[in-house]
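Asker: Have a look at this prediction, sequence included:
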Amino acid sequence: MSVIEYGYVYAIGLDGEVKLGVSATDASRRLKVMQTGNCRNLQLIAQAYVANYKLLEKALHREHKDKWIRGEWYSLSLAEAREIISGVGEDLVARETNRMMMEQESIKRFLINRGGVV
């Protein structure tokens, strides 16, 4: 049985340029660090304290890859960012877990077909 980790999923940035990320602590600390290296006034748009926060980050990035700018930055309006963070939950974690399990099965089948040991 795996340990469930809790943390924050957050959206920080400006209208049109939003970082979707995670933090083990309140995202306001992350905002302060990010603001130090940015000449524009960033804002904490939204945050949610959730289970499986690291897995959720991967799922969020995958779901919004069509809006990707660079790194963990996405072309999102403030309203879109708020909606994304308010909508994180078990269904997203379940989809990501299922995707990862399917990927592992695919790798196993590939190795078996090539005569490899699993």
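Answerer: Great, that's in hand.

Asker: pLDDT score for residue 105?
Answerer: Looking at residue 105, its pLDDT stands at 72.

Asker: And it, how far from residue 75?
Answerer: The gap separating residue 105 from residue 75 is 34 Å, by CB to CB, to the nearest Å. To be clear about C-beta, it is placed using only N, CA and C from the backbone, and glycine gets the same treatment.

Asker: Of those two, give the one with the bigger neighbour count.
Answerer: Applying other CB atoms under 10 Å to residue 105 and residue 75 shows that residue 75 carries more neighbours, namely 13 against 10.

Asker: pretty sure the more buried one contacts residue 69?
Answerer: Yes. Look at residue 75 against residue 69 with CB atoms under 8 Å: they come within range, at 5.5 Å.

Asker: Now list whatever residues contact both of those two.
Answerer: Common contact partners of residue 75 and residue 69 (CB atoms under 8 Å, 6 or more residues apart in numbering): residue 17.

Asker: neighbours around the residue nearest to residue 76 when sequence neighbours are not counted, how many?
Answerer: In this structure, residue 76 finds its nearest non-sequential neighbour in residue 18, 4.3 Å apart by CB to CB, 6 or more residues apart in numbering. Residue 18 has 30 neighbours, counted by other CB under 10 Å.
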